[in-house]
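Peer 1: Quick check, what structure comes out for this input:
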Amino acid sequence: MSDQITDMDVFFNPKSIAIIGASDTFKFGYNMTKYLLSSNFKTYPVNINKDFIFGHKVFKNINDIPDDIELVIIIVRNEFVLQTVKDSVKKGVKGIIIETAGFAETGIKELVKIQEEIEKIAKNSNVRIIGPNCVGITNFNNKFTTAETDFTQSIDGGTISVIAQSGVLGNIFIEWSASQKIGFSKTITLGNKVDVDEIDILEYLEKDANTNVITVYLEGVKRGPKLVEILRKLTKPVLILKNGRSEIGSKAVLSHTGSIAGNDKIYDTIFKQYSGIYRVNNFYEMFNIAQVFATQPLPKGKNIAIITSSGSLGIIACDEIERLGLNLAVLNELTIQKMKSVSPNWTSLKNPVDLGPSLFTTFSHSLKAILNDECVDALLYIFAVPQMPIKAFSLPITPQLREMRNLSTKLNKPIITCVFGSRWIVEYFLKHSDKYKIPIMTQISHAIKAFKFMHDFAVSNKI
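Peer 2: Just a heads-up that it's a prediction; the model follows:
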């Protein structure tokens, strides 16, 4: 596995880079080229038709570059890719990322053959190849990217890493995660996987000190037995979204990245077989749960307490808790008495604790009492308040997040907040959530599933 780490590291920490097909014309690869040439990464543009790009001298061929090159990024048209790969191997590079699409995924015989030739080169050389049909790598730790990531804007990193086959999704994930305050460590898109696949990257991320949670969007696997082997060894939580569950979806996978989706029941059985491997249903669920793993302590048990301003939403949460095999915490009588001393007589103080309109005056006291209850292992806070009174009376929300963070850290208990209301309210919470590291969701089912996965992970790892 140490060799694997060395092989893969060139994609995340390259000492020198050549962009073949680099251009200052506004098209695919423009932003990436502009960014890398203006960054501290040693980058060389290669284009047979250009002399200068963004003020940098352009080389006609990679072998014209006088310095050693570690990593090549290929964005030329598909008919030129094979020769470009051969030139790069001749140069003695360590890694190649082929972003160009139009190979086996098309089903066209000639293009399938070109991909097969590239695959042979990878097998018969010491060069590792990602792609084709991808956007490659983004490393948030050192701000290296082969995608369209704009690191000139403020993009905060984190400890969640993403493996995906789809190229476009790599860019979308990054933009969306920034808006949701979800911090990534690394994103990797693999495309058609002529060489490097999810197994190589899983092995790398397992040893990566900056990755605590791994998320995977999977369309198909070529090395099934090897996948089983690596899943058995992983010690970090892994959330997998495997598509192609239906016959229609399986056919769509083949035309997207040229992968065979495989029998979904087999995948389902494999994922359930190993601790720490969790299958999710969509991207929102995957990243919401990943954010909880990344920011919250693991629960010591499966007893969930709920604070809500809506009794109806509290009941929905209770149904989810029971459905997933968790427990609705039975609050200690002393806890109830502590809350009763500051609460109106009409509030419901049994779990779920429905504070209703008294939320802003009694929240702090109730939060402290509940989290200090030894019968409570985790807390779900459901916030459902119209924006009008919040704006009109400047009702405090930030202090709630701060107090939740402080108590969660002090008592080592996870907290998730579910927000229901206007876009303004949700965005207000998200704006402040990053500072206090309290996950913000709009789906109760995602929150309860996060508690379930975290509990299972703690039990299986005897934490």
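Peer 1: and the residue located most distally from the centre of the chain, what pLDDT?
Peer 2: Residue farthest from the centre of the chain, counting by CA atoms, centre = their mean, is Asn345 at 44.6 Å. pLDDT, Asn345: 87.
Peer 1: do the same with Asn243
Peer 2: pLDDT, read off for Asn243, is 82.
Peer 1: re earlier: how much space between the residue farthest from the centre of the chain and Glu119?
Peer 2: 73 Å (CB to CB, to the nearest Å). In this view, the C-beta of every residue, glycine as well, is placed from N, C-alpha and C.
Peer 1: what does Arg423 give?
Peer 2: Taken as CB to CB, the span from Arg423 to Glu119 is 47 Å.
Peer 1: More neighbours: these two, which one.
Peer 2: Glu119 (16 against 8; other CB atoms under 10 Å).
Peer 1: That one contacts Asp195, correct?
Peer 2: Yes: if you go by CB atoms under 8 Å, Glu119 and Asp195 touch, sitting 6.8 Å apart.
Peer 1: Need the residue closest to the centroid of this structure.
Peer 2: Val162 (4.3 Å).
Peer 1: phi, psi of it?
Peer 2: phi -120, psi 130 (degrees, to the nearest 10).
Peer 1: what pLDDT does it get?
Peer 2: Taking Val162 on its own, its pLDDT is 96.
Peer 1: Tell me if I'm right that it and Tyr217 touch.
Peer 2: Yes: under the criterion of CB under 8 Å, Val162 makes contact with Tyr217 at 7.4 Å.
Peer 1: Need the residues that contact the lengthiest helix in the chain.
Peer 2: The residue-count maximum for a helix in the chain (DSSP state H) belongs to helix 444-460. The contact list for helix 444-460 (CB atoms under 8 Å, 6 or more residues apart in numbering) reads 237, 239, 275-276, 278, 280, 284-285, 288-289, 292-293, 296, 298-302, 304, 313, 316-317, 320-321, 324-326, 377-378, 380, 382, 414, 416, 418, 439, 441, 463.
Peer 1: which of the residues you listed count as buried?
Peer 2: 237, 239, 275-276, 278, 280, 285, 288-289, 292-293, 296, 298-302, 304, 313, 316-317, 320-321, 324, 326, 377-378, 380, 382, 414, 416, 418, 439, 441 (16 or more other CB atoms under 10 Å).
Peer 1: Could you tell me which of the residues you listed are located in strands?
Peer 2: Judged by DSSP state E, the subset of those located in strands is 239, 278, 304, 378, 380, 382, 416, 418, 441.
Peer 1: In JSON lines: these, plus distance to Val168 and pLDDT.
Peer 2: Formatted as JSON lines, these follow (distance: CB to CB, whole Å; pLDDT from 0 to 100):
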{"residue": "Leu239", "distance to Val168": "20", "pLDDT": "98"}
{"residue": "Tyr278", "distance to Val168": "25", "pLDDT": "97"}
{"residue": "Ile304", "distance to Val168": "37", "pLDDT": "99"}
{"residue": "Ala378", "distance to Val168": "36", "pLDDT": "99"}
{"residue": "Leu380", "distance to Val168": "34", "pLDDT": "99"}
{"residue": "Ile382", "distance to Val168": "34", "pLDDT": "97"}
{"residue": "Ile416", "distance to Val168": "30", "pLDDT": "98"}
{"residue": "Cys418", "distance to Val168": "30", "pLDDT": "98"}
{"residue": "Met441", "distance to Val168": "25", "pLDDT": "96"}
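Peer 1: What distance do you get for Phe80 to Lys123?
Peer 2: In terms of CB to CB, Phe80 sits 22 Å off from Lys123.
Peer 1: Who has more neighbours out of those two?
Peer 2: Set Phe80 next to Lys123 and count neighbours by other CB under 10 Å: Phe80 wins out with 14 against 10.
Peer 1: what pLDDT does the closest residue to that one other than its chain neighbours get?
Peer 2: Spatial nearest neighbour of Phe80, excluding adjacent residues (CB to CB, 6 or more residues apart in numbering): Gly21 at 8.0 Å. You'll see Gly21 listed with a pLDDT of 98.
Peer 1: I figured Gly21 hits Gly29, correct?
Peer 2: Yes: contact criterion CB under 8 Å: Gly21 and Gly29 qualify, at 6.6 Å.
Peer 1: Report the set of residues contacting both of those two.
Peer 2: Joint contacts of Gly21 and Gly29 (CB under 8 Å, 6+ apart) are Ile75.
Peer 1: Give me the secondary structure label for Pro399.
Peer 2: helix (DSSP: H, G, I helix; E, B strand; the rest coil).
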